[in-house]
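Asks: build me a structure from this.
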Amino acid sequence: MKFLLPEEQTTAVVEFNLETLIDDAIHWAHIHGMVTRTKENRLNPDIAAFLPFSLFPTPFPRVIFEQAQSVHTLMQLLYFRVSSDIEFLRENIQSTAETNELMADLLKIMNIVNEEGIKQPLNFILMRADYMSDMGKNEQTGETEYGLKQIEVNIGQAGGFVNSANITKLHRRTMALAGFDTSKEKMPDNPCDTMLINALVMAWKKFDDKDAIILIVAGKLYRDYEQYQLNYLMENVSKNKIKIVQMSLAEAAEELTLGNDHSLRYGTQKVAIAFYRSFSSLRDERIFNVRLMIERSTAIKIPTVANALASQKKIQQILAKPGMVERFFPHPNEADKVTAIRKTFTGLYGLDDPDNENTKRVIQDAIAHPDNYVMKPSREGGGNNFWGDEIPKKLREMSRAELSGHILMQKVHPFSAPNYMVRPNDGVQHGNVVTELSTFGTLLGHVKTKAVLHNAQQGHYARSKPEGATEGGVYGGGGVVDSPFLF
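Replies: Numbers count the residues shown, from 1 in each chain. Down below sits the predicted model:
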């Protein structure tokens with residue numbers, strides 16, 4: 001078999017035995033925990049399948065990989081300032097909350113807690129920012145240019161920390177076996193898992209109680225192998241000094257209490273960090289009350305309710321408007337920060353005022369040229385987007401209130417490259433793929449003083465899907481975990 005790989009704008013051809021490589025890679029994935037529960041046995045840890053993966057890293061433009069890394073801390077600073085601006089969040093989430101029950105409940109909790117007074121001023125932002133490449137031609141030279149365009153921002157409830165580190169290691173192995181370059185220059189290090197654990201340890205120390213625990217809020221459905229690997233890594237890094245407890249919100253309603261000093265307690269122990277690893281409806285009164293109790297407490301929340309609201313697609317669309325980023329970077333000496341952030345924005349359009357002339361124009365264009373857009377809901381969990389002919393149908397059918405819960409995003413034109421996609425019980429697919437690149441980082445700030453105590457970027461996560469595919473989720477779509485090969 002032969003595999004073509006762009007390298008510094010040239011083509012290298014390397015011979016290898018495909019079947020041997022795939023067999024080796026599948027066994028490596030199982031042995032090193034790059035696995036997930038099967039769809040048929042989501043609650044049964046006895047049965048595992050390897051996570052869908054690309055056999056090789058996918059070529060990715062170095063210039064925009066480095067741009068994504070460099071802009072990440074600015075994005076974290078932006079969203080720290082956004083989540084600290086309660087009036088801004090109230091004003092801009094309200095229309096979405098009218099048709100989105102979860103947003104309405106989170107908004108209600110935020111209002112209650114801010115009226116009472118925030119008991120934990122430390123705001124820990126764990127961010128995964130998702131991007132795609134956008135290809136175009138330089139009008140003067142005719143040469144291909146690569147732009148970096150933001151797809152979305154996830155704060156707190158984001159996965160991929162362990163699997164992104166693992167896929168980098170797997171790809172170094174398959175590339176070496178196939179005779180390709182495995183240098184860090186081409187395949188950068190990716191310590192996402194240790195980055196997260198070290199940041200959690202830092203926050204735990206800031207809480208300043210050696211007996212306090214870290215609470216992982218996740219139902220059984222979301223207690224996947226990756227979460228357990230993070231737990232075991234925490235045990236190693238902390239030398240078993242930090243205890244981790246996992247429970248769902250329903251279990252938390254039975255197990256947790258709020259002390260007179262507003263400490264969140266699990267039995268006699270204080271909770272230093274409440275780390276949400278899954279999302280759920282708050283329509284059940286017990287679930288709403290326990291989420292409110294956690295938010296009222298002195299525990300460091302990942303994410304806070306304000307962080308969760310700030311990372312909604314509606315806020316992403318609002319920030320793309322003229323003057324909005326400038327609102328959070330008002331000083332002249334921050335103009336370069338605004339420019340760097342804005343360079344990553346693509347066209348984003350709200351639908352909450354369909355009578356507005358600009359909105360009318362965008363809607364008419366989306367109906368006439370639906371392949372130029374993606375229609376996205378403001379909701380947790382990813383997916384649920386509308387594509388192609390679905391867009392005109394939804395724009396015509398939806399009520400005014402329903403439209404307000406969606407945005408239109410201009411489609412990007414990503415770079416594609418050949419690769420092999422390996423999936424359990426589904427053989428191997430060869431073809432061109434497009435890659436979504438994410439960068440990870442953490443920020444620790446003080447909500448009341450607005451001081452930033454820590455702001456760092458480390459690690460990345462790539463997912464690829466067949467060229468022309470719409471949804472590319474690794475767990476529920478046609479995507480695979482991947483890593484970049486920089487050129």
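Asks: low pLDDT regions in the stretch 301-450 of the chain?
Replies: Within the stretch 301-450 of the chain, the segments meeting pLDDT under 70 span 379-383.
Asks: one more: the stretch 151-300 of the chain?
Replies: Filtered on pLDDT under 70, the stretch 151-300 of the chain yields the residue ranges 222-223, 279.
Asks: mind listing the strands in it by residue range?
Replies: Under the criterion DSSP state E, counting those that start in this stretch, strands of the stretch 151-300 of the chain are mapped to 213-217, 244-247, 256-258, 264-266, 269-276, 300-302.
Asks: next one: stretch 302-316 to chain centre, how far?
Replies: 12 Å (CA atoms, centre = their mean, to the nearest Å).
Asks: stretch 187-200 too?
Replies: 15 Å.
Asks: can you list the residues that contact that stretch?
Replies: Stretch 187-200 is contacted by residues 57, 65, 124, 126, 160-162, 164-165, 168, 171-172, 175, 214, 229-230, 233-234, 237, 273, 275, 440-442, 444, 454, 456, 458-461, 483-486 when judged by CB atoms under 8 Å, 6 or more residues apart in numbering. For the C-beta atoms, the positions are set from N, CA and C on the backbone; glycine is no exception.
Asks: closest to K465 out of the strands of the stretch 151-300 of the chain?
Replies: K465 lies closest, by CB to CB, to one member of the strands of the stretch 151-300 of the chain: strand 269-276, at 26.9 Å.
Asks: residues in contact with the closest one?
Replies: By CB under 8 Å, 6+ apart, the list of residues contacting strand 269-276 reads 124, 156-157, 200, 203-204, 207, 209, 211-218, 243, 256, 259, 263-265, 294, 297-303.
Asks: in helices only, show me the contacts of stretch 187-200.
Replies: 65, 161-162, 164-165, 168, 171-172, 175, 229-230, 233-234, 237 (DSSP state H).
Asks: quick one: the helix or strand hosting N432 to chain centroid distance?
Replies: In the assignment (DSSP states H and E), N432 maps to strand 428-446. Once both centres are worked out by CA atoms, centre = their mean, strand 428-446 turns out to sit 8 Å from its chain's centre.
Asks: what of stretch 354-365?
Replies: Averaged C-alpha coordinates place stretch 354-365 at 30 Å from its chain's average position (CA atoms, centre = their mean).
Asks: now swap in stretch 299-313 and tell me
Replies: Per CA atoms, centre = their mean, the centroid offset for stretch 299-313 relative to its chain is 13 Å.
Asks: can you get me the start-to-end distance on that stretch?
Replies: Between the opening and closing residues of stretch 299-313 there is a gap of 27 Å (CA to CA, to the nearest Å).
Asks: next: stretch 347-358.
Replies: Across its full length, stretch 347-358 reaches 13 Å end to end, with CA to CA as the criterion.
Asks: how about stretch 442-454: buried residues?
Replies: Neighbour-count burial for stretch 442-454, counted by 16 or more other CB atoms under 10 Å, picks out T442, L443, L444, G445, V447, V452.
Asks: whoops, I mixed them up, stretch 29-36
Replies: Those would be A29, H32, G33, M34, V35, T36, for stretch 29-36 by 16+ other CB under 10 Å.
Asks: report the distance from it to the chain centre.
Replies: In terms of CA atoms, centre = their mean, the centre of stretch 29-36 is set 21 Å apart from its chain centre.
Asks: using CSV, write out every CA atom in it.
Replies: Provided in CSV are the C-alpha atoms of stretch 29-36 (Å, rounded to 0.1, in the frame of the first residue of the first chain):
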residue,chain,number,x,y,z
ALA,A,29,-5.3,1.5,21.6
HIS,A,30,-6.9,-1.2,23.8
ILE,A,31,-3.7,-1.8,25.9
HIS,A,32,-3.3,2.0,26.6
GLY,A,33,-6.9,2.7,27.4
MET,A,34,-7.9,4.6,24.2
VAL,A,35,-11.3,2.9,24.5
THR,A,36,-14.9,3.7,25.1
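Asks: re the thing from before, farthest-separated two in the ones in helices among the contacts of stretch 187-200?
Replies: Largest separation among those by CB to CB: M175 and M234, giving 30.5 Å.
Asks: pipe the ones in helices among the contacts of stretch 187-200 into JSON lines and attach distance to D193 and neighbour count per row.
Replies: Shown next, in JSON lines, are the ones in helices among the contacts of stretch 187-200 (distance: CB to CB, whole Å; neighbours: other CB atoms under 10 Å):
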{"residue": "F65", "distance to D193": "20", "neighbour count": "22"}
{"residue": "F161", "distance to D193": "5", "neighbour count": "25"}
{"residue": "V162", "distance to D193": "5", "neighbour count": "23"}
{"residue": "S164", "distance to D193": "8", "neighbour count": "25"}
{"residue": "A165", "distance to D193": "5", "neighbour count": "25"}
{"residue": "T168", "distance to D193": "11", "neighbour count": "24"}
{"residue": "H171", "distance to D193": "16", "neighbour count": "27"}
{"residue": "R172", "distance to D193": "16", "neighbour count": "19"}
{"residue": "M175", "distance to D193": "21", "neighbour count": "24"}
{"residue": "Q229", "distance to D193": "7", "neighbour count": "20"}
{"residue": "L230", "distance to D193": "7", "neighbour count": "20"}
{"residue": "L233", "distance to D193": "6", "neighbour count": "19"}
{"residue": "M234", "distance to D193": "10", "neighbour count": "22"}
{"residue": "V237", "distance to D193": "10", "neighbour count": "16"}
